[in-house]
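Colleague: With the input below, show me the fold.
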Amino acid sequence: MRTIELDGTAFDDLEGFYNEVERKLTSGLDWRVGHNLDAFNDILYGGFGVHEPHEAVNLIWRHSGRSQQVLGWPETEKYWATKVRTFHPNNRHIALARLESAKRQDGPTLYEMLCSIIREHPSLTLMEE
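Modeller: All right, here's what the predicted structure looks like:
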């Protein structure tokens, strides 16, 4: 079984997280992966340079406590504030509602959203350390 480690000390925000994912999960590509939650989900399926589709992988998130902090409420608010500006006008109300929830520290943080996406992949085992 392949083991891949993400280092929670290697980033301070969501963009840095995407860079860490790119370094650890997509090495050897001659193109850049999108830096968004959908692209992150796609990478986890495999076939993008490091692991094959459906290959069993232990994904170890080192320093996950630090990641919980840097991808916590302030970064979650920032994420949803950006989405308010970029969502299609018909869907902007969704981003607004999630932004208001984040301001109340209600609902999932970015860290929790990322972990949830990882756990949706049956071939991946997430270990938070």
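
Colleague: For the rest of this, base every contact and every neighbour count on C-alpha atoms.
Modeller: Fine.

Colleague: and the residue nearest in space to the middle of the chain, what helix or strand is that in?
Modeller: Centroid check for the chain by C-alpha atoms, centre = their mean gives L114 as the closest residue, at 3.9 Å. Assigned by DSSP states H and E, L114 belongs to helix 110-119.

Colleague: Against which helices or strands is that helix packed?
Modeller: Using 3 or more C-alpha pairs under 8 Å, 6 or more residues apart in numbering; DSSP states H and E, the elements in contact with helix 110-119 are helix 37-44, helix 64-70, helix 73-86, strand 124-128.

Colleague: what lines up beside the last one in the sheet?
Modeller: In the sheet, strand 124-128 lines up against strand 57-62 (parallel) (DSSP bridges).

Colleague: Could you say which one of the helices and strands packed on helix 110-119 comes nearest to N58?
Modeller: strand 124-128 (4.8 Å; C-alpha to C-alpha).

Colleague: what's the closest one in contact with?
Modeller: Strand 124-128 has contacts (C-alpha atoms under 8 Å, 6 or more residues apart in numbering) with A56, V57, N58, L59, I60, W61, R62, H63, S64, C115, I118, R119.

Colleague: Cool, thanks, signing off.
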